[in-house]
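Engineer: predicted model and sequence follow; I will ask about them next.
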Amino acid sequence: MTTDHQQALVIGASGGIGSAVIRHLLEEQQFHSVLGISRAATAPPDLAQQPGLRWLACDGSPSAIKASGEQIASEVPQLSHVVICSGILHDAEHGPEKSLEQLDADWMQTVLQANAITPLLWLQAIAGKLARKQDCRIAVLSARVGSITDNQLGGWYSYRASKAALNMLLKTAAVELARRAPGSKLIAFHPGTTDTPLSQPFQARVPSDKLFSADFVARRLLNTMNQARADGTLAYLDWDNKPIDW
């Protein structure tokens, strides 16, 4: 598919999935231009020499996101694909909670900010680029554990809650975009367990055929985006393009 006049935006561009999405957009789908946004000041070495890639550093704070949105509005003529793949599951001191006793209010707020609020601030920042007659596919990394129906195991309080909140925020945004930008399509995408630093501590019990490479996930994500049609709704889909129960 040649997309000479289409431009893509990838947020979380230096992560495993984000960088793989950029490679596929430029190499396989022949996008004319891709803007990568990351906390990192420069693109990873394997992306730095890619023709067509522009890089923008952003620390992820609300003010920085707003400033980045203003820069996008002034420099990017049109967006056809937006991928938001930033998020957090653990850090050096915290991991997914297994019991009520492990809950920490500050950590819960950190996870909610990173996984639910920040993606919506990015959507807010680019909303002005979503014209009524313009086709744009917007995919945000969600997770199956954000499904209330699917939660039969418990645990992972902060991460589950943040992804469930993200899904509700995206659903609400989809209702608004159906009115103001009916050519846009929002997708909450579950990538499966991907071999990236985010899932590294939790891979031991994952069957080898269910631990996906970032390249595999990027290809599946872009295929899902390309097949999606604007219909005024939020799609909650997994890596196999199958719907997930809310």
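Structural biologist: Looks like it came in fine. Numbering: from 1, shown residues only.
Engineer: contact partners of the longest helix along the chain?
Structural biologist: Longest helix in the chain by number of residues (criterion: DSSP state H): helix 157-180. Helix 157-180 is contacted from outside by 89, 96-97, 100, 103, 107-108, 111-112, 114-116, 119-120, 123, 127, 130, 132, 140, 142-143, 145-148, 151, 184, 186, 188, 232-234, 236, 246, using C-beta atoms under 8 Å, 6 or more residues apart in numbering. Where you see a C-beta, it was placed from the backbone N, CA and C, and this is true even at glycine.
Engineer: and if we set it to 6 Å?
Structural biologist: Contacts made with helix 157-180 from outside it, assessed by C-beta atoms under 6 Å, 6 or more residues apart in numbering, are listed as 89, 96-97, 108, 111-112, 115-116, 120, 123, 142-143, 145-146, 184, 186, 188, 232-234.
Engineer: how about that helix: buried residues?
Structural biologist: When burial is assessed from 16 or more other C-beta atoms under 10 Å, helix 157-180 yields the following buried residues: 157-167, 169-170, 173-174, 177-178.
Engineer: in helices only, show me the contacts of helix 157-180.
Structural biologist: Counted as lying in helices by DSSP H, out of the contacts of helix 157-180, are 108, 111-112, 120, 123.
Engineer: now these in a markdown table, with neighbour count and distance to Gly52?
Structural biologist: As requested, the ones in helices among the contacts of helix 157-180 are exported to a markdown table (neighbours: other C-beta atoms under 10 Å; distance: C-beta to C-beta, whole Å):
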| residue | neighbour count | distance to Gly52 |
| --- | --- | --- |
| Met108 | 17 | 40 |
| Val111 | 28 | 34 |
| Leu112 | 19 | 35 |
| Leu120 | 18 | 28 |
| Leu123 | 22 | 24 |
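Engineer: give me the three-state assignment for Gln50.
Structural biologist: Per DSSP: H, G, I helix; E, B strand; the rest coil, the local secondary structure of Gln50 is coil.
Engineer: and the residue nearest to it when sequence neighbours are not counted, what does it touch?
Structural biologist: Excluding the flanking residues, the one nearest Gln50 by C-beta to C-beta, 6 or more residues apart in numbering is Leu26, at 5.2 Å. Under the criterion of C-beta under 6 Å, 6+ apart, the contact partners of Leu26 comprise 34, 50, 52.
Engineer: quick one: low-confidence ranges for the chain?
Structural biologist: Across the chain, residues meeting the criterion (pLDDT under 70) sit at 1-5, 200, 202-204.
Engineer: and Val83, what helix or strand is that in?
Structural biologist: Secondary structure here is read from DSSP states H and E; on that basis Val83 sits in strand 81-84.
Engineer: Tyr157 versus the residue of the chain most remote from its centre, what's the distance?
Structural biologist: Ranking residues of the chain by C-alpha distance from their mean position (C-alpha atoms, centre = their mean) puts Glu101 at the top, at 30.5 Å. According to C-beta to C-beta, to the nearest Å, Glu101 and Tyr157 sit 11 Å apart.
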